[in-house]
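Undergrad: Provided below for reference: sequence and predicted model.
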2 protein chains.
Amino acid sequence: MQGQPAPQSKSETSGNPLERMSHLLHDDMKKVNDLILNRMESDVAMIPKLAGYLIASGGKRIRPLMTLAATRLYDGQTTRPFALAAAVEFIHTATLLHDDVVDESAERRGHPSANVVYGNQASVLVGDFLFSRAFQLMVEDGSLEVLRILSAASAVIAEGEVLQLSLANDISLTLPQYEKIIACKTAALFAAATEIGPIIAGQDPAISAMLREYGFNLGMAFQIADDVLDYTADQDKLGKTVGDDFREGKLTAPVIYALQVADEGEQAFWQRTMEDRIQREEDLPRALEILKKHKSFAKGMDLARSYARQAQDQLKNAPKGDLRDLLIELASFTVDRTY
Amino acid sequence: MQGQPAPQSKSETSGNPLERMSHLLHDDMKKVNDLILNRMESDVAMIPKLAGYLIASGGKRIRPLMTLAATRLYDGQTTRPFALAAAVEFIHTATLLHDDVVDESAERRGHPSANVVYGNQASVLVGDFLFSRAFQLMVEDGSLEVLRILSAASAVIAEGEVLQLSLANDISLTLPQYEKIIACKTAALFAAATEIGPIIAGQDPAISAMLREYGFNLGMAFQIADDVLDYTADQDKLGKTVGDDFREGKLTAPVIYALQVADEGEQAFWQRTMEDRIQREEDLPRALEILKKHKSFAKGMDLARSYARQAQDQLKNAPKGDLRDLLIELASFTVDRTY
């Protein structure tokens, strides 16, 4: 396999599966990171400044890592995944920039968000630039199939975001509607990121469909767990404020489960806090109490775990080895992490 | 030529060159419009609603018309330009949606702008959707060359917008900086729209380069004339408020020319109104007076006219016929129009 890690002091068996996969694919990821930095350049100084602010702020690069891993399962040599993994990260970064403008976010990954530092206007436009640059990288690669997959994913992400906006602060949101939203806004890009791996590696459609399903289910598990962690995580490790979704009145799995069994008083509580968005200081503790009482976090994690298992099932027939083992572990880790 | 207009009451020789070209390519444009309406559809109801609001609000569809015309100069039969012309219009519409958010515009084409009616959030996201959909249309067409040209144009548009934002309200803006901004944010898409025509028609690179130059210079002429008309147009015909650029402190050709010869009092006036953005009711009339005194509108129109002539020069070797004549006339009309 190309990108065999050079001998390093850190053992390959330490850390969580994401860290170990980053370690295993270290040389490949270095090339992706170099491309990311290189291709966000522009004569217009504000573009690399703003893009670099977000890109350097400690993202896990999980999506480009997925593209690399899905390629390296089948081809240890090809250099094609570097540019396409960078394109995937650019699409993700563009959506983060636009998301933070749409959500009026104040923080991202424990730092003031780009829209706060550079303004909404620059965030919208630099997002547009990164999105265009992603397509330029794909065009340079030259695969219409990859272009088809990632342009479709981009359209679906935007649809998911608009759907979320249309249904914001609506406590009648159903679990299937919630799952539709996260399937679009999160799982679609994970699915595309892994689907293109076997395509790059010249595998047939059944293989890329299998990796697509892996990525889709991993993305679902990842987002649902994230939405539970928004209430339950250790504040310092989360890199954002616990209870953000509650304060924004964003309905996610835990509250949807709690609403399914809410008595009249609780119904009125969710109505006031999430739909009418009238909140007092004591409301978040009360929300946490109600959510715990109804086992809403456990139910959310069960849902996440069922997606994680579906992700793992897809890899039964993938080539055996460290990479497959790590991808399987990663699905478990996604739901078992505490931050 | 495919798309020979059916007999209609309106004579082909009436109207301005844009109207006559729309008439000549009426059947083709109908197919483009159908595709535009069809492909902005989505399960997420807000998307066609918001996109349709802007798309139905009376845009001139000049960019898709350019793609059609540049194709039909060389090929009267191919159906390929329909989807690609729709893609060009989607890219343009996406940039308008994002522009209006960035500029906090209240009006567009004489109607309240989409961000006012549907909110900034939806405008950003529906712009993203249309942009993605544009790439999907291009991928369906399957030309990597067209994808290369339009993804590069999209990146350049975003760069131009960020550059404009970086230099906003800066009265030291030079004419070359202004020309760089409009080359990116306006002329780049005109250039791409016409360049892809001969490519669709299977012509060699010298021909597409020629049409690219036509489109680029037409776009420059169009934008400079637009920037003059922002001060001089008949309010009712303009479809937006006269003096918008002045009120926003947006430096364009007329003010840049006036600043080149400003005395100390005028310098202080532009400093206060455009850079410090402290404006009183009597400032717009005074600005108009200064601009007229220094022949800034005439200078702006001379600059626009020189670009229009460069556009026309490109068509010397284009196939003779009604379409070539109209494209030549269009360049003149772009600078001679009064609205």
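TA: Right, received. Where do you want to start?
Undergrad: please list the residues of the stretch 151-300 of chain A that sit near chain B.
TA: A:Ser151, A:Ala152, A:Ser154, A:Ala155, A:Ile157, A:Ala158, A:Glu159, A:Glu161, A:Val162, A:Leu163, A:Leu165, A:Ser166 (CB under 8 Å from any CB of the partner chain). For the C-beta atoms, the positions are set from N, CA and C on the backbone; glycine is no exception.
Undergrad: need the residues you listed in a markdown table with pLDDT, neighbour count and secondary structure, can you?
TA: Output for these, formatted as a markdown table (pLDDT from 0 to 100; neighbours: other CB atoms under 10 Å in any protein chain shown; DSSP: H, G, I helix; E, B strand; the rest coil):
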| residue | pLDDT | neighbour count | secondary structure |
| --- | --- | --- | --- |
| A:Ser151 | 98 | 26 | helix |
| A:Ala152 | 98 | 17 | helix |
| A:Ser154 | 98 | 26 | helix |
| A:Ala155 | 98 | 23 | helix |
| A:Ile157 | 98 | 27 | helix |
| A:Ala158 | 97 | 28 | helix |
| A:Glu159 | 97 | 26 | helix |
| A:Glu161 | 95 | 26 | helix |
| A:Val162 | 95 | 27 | helix |
| A:Leu163 | 96 | 22 | helix |
| A:Leu165 | 93 | 20 | helix |
| A:Ser166 | 93 | 15 | helix |
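Undergrad: closest one to B:Leu330 out of the residues you listed, please.
TA: Proximity of those to B:Leu330 (CB to CB) peaks at A:Ser151, which lies at 31.7 Å.
Undergrad: secondary structure element for the nearest residue to that closest one once chain neighbours are set aside?
TA: Spatial nearest neighbour of A:Ser151, chain neighbours left out: B:Phe135 (3.9 Å); criterion: CB to CB, 6 or more residues apart in numbering or on different chains. Taking DSSP states H and E as the criterion, B:Phe135 maps to helix B:120-141.
Undergrad: between helix A:120-141 and that helix, find me the angle.
TA: 10 degrees (axes from the mean of the first three to the mean of the last three CA atoms, to 10 degrees).
Undergrad: find me the pLDDT at A:Ala122, would you?
TA: On pLDDT, A:Ala122 comes in at 93.
Undergrad: where does the stretch 51-200 of chain A dip in pLDDT?
TA: A:58 (pLDDT under 70).
Undergrad: the strands in it, which residues?
TA: A:107-108, A:111-112 (DSSP state E, counting those that start in this stretch).
Undergrad: dump those strands to CSV, plus mean neighbour count.
TA: As requested, these are arranged in CSV below (neighbours: other CB atoms under 10 Å in any protein chain shown):
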stretch, mean neighbour count
strand A:107-108, 18
strand A:111-112, 15
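Undergrad: about what we covered before: tell me who's in contact with the residue nearest to A:Ser151.
TA: A:Phe135, A:Leu147, A:Ser151, A:Ser154, B:Ala87, B:Leu147, B:Leu150, B:Ser151 (CB atoms under 8 Å, 6 or more residues apart in numbering or on different chains).
Undergrad: give me that answer again for 10 Å
TA: Contacts for B:Phe135 (CB atoms under 10 Å, 6 or more residues apart in numbering or on different chains) come out as A:131-132, A:134-135, A:138-139, A:147-148, A:150-152, A:154-155, B:87, B:90-91, B:147, B:150-151, B:154.
Undergrad: could you do A:Ala87 as well?
TA: Counting by CB under 10 Å, 6+ apart, A:Ala87 makes contact with A:35-36, A:39, A:64, A:67, A:130-131, A:133-141, A:146-147, A:150, A:193, A:196.
Undergrad: pull out the buried members of those residues.
TA: A:35-36, A:39, A:64, A:67, A:130-131, A:133-139, A:141, A:146-147, A:150, A:193, A:196 (16 or more other CB atoms under 10 Å in any protein chain shown).
Undergrad: skipping adjacent residues, who's closest to A:Ala155 in space?
TA: Leaving aside its sequence neighbours, A:Ala155 sits nearest to B:Ser132 (CB to CB, 6+ apart; 3.7 Å).
Undergrad: I figured the one you found hits B:Arg39, correct?
TA: No: with contact defined as CB atoms under 10 Å, B:Ser132 does not reach B:Arg39; the gap is 11.1 Å.
Undergrad: now list whatever residues contact both of those two.
TA: Taking CB under 10 Å, 6+ apart as the criterion, B:Ser132 and B:Arg39 both touch B:Phe90.
Undergrad: just the helices from the stretch 201-339 of chain A, written as ranges.
TA: Along the stretch 201-339 of chain A, counting by DSSP state H, counting those that start in this stretch, helices occupy A:205-232, A:235-238, A:244-248, A:253-260, A:264-270, A:283-293, A:296-314, A:322-336.
Undergrad: lowest average pLDDT across the ones you listed?
TA: helix A:235-238 (a mean of 63).
Undergrad: A:Gln164 and A:His26, how far apart?
TA: Here the distance between A:Gln164 and A:His26 works out to 36 Å (CB to CB, to the nearest Å).
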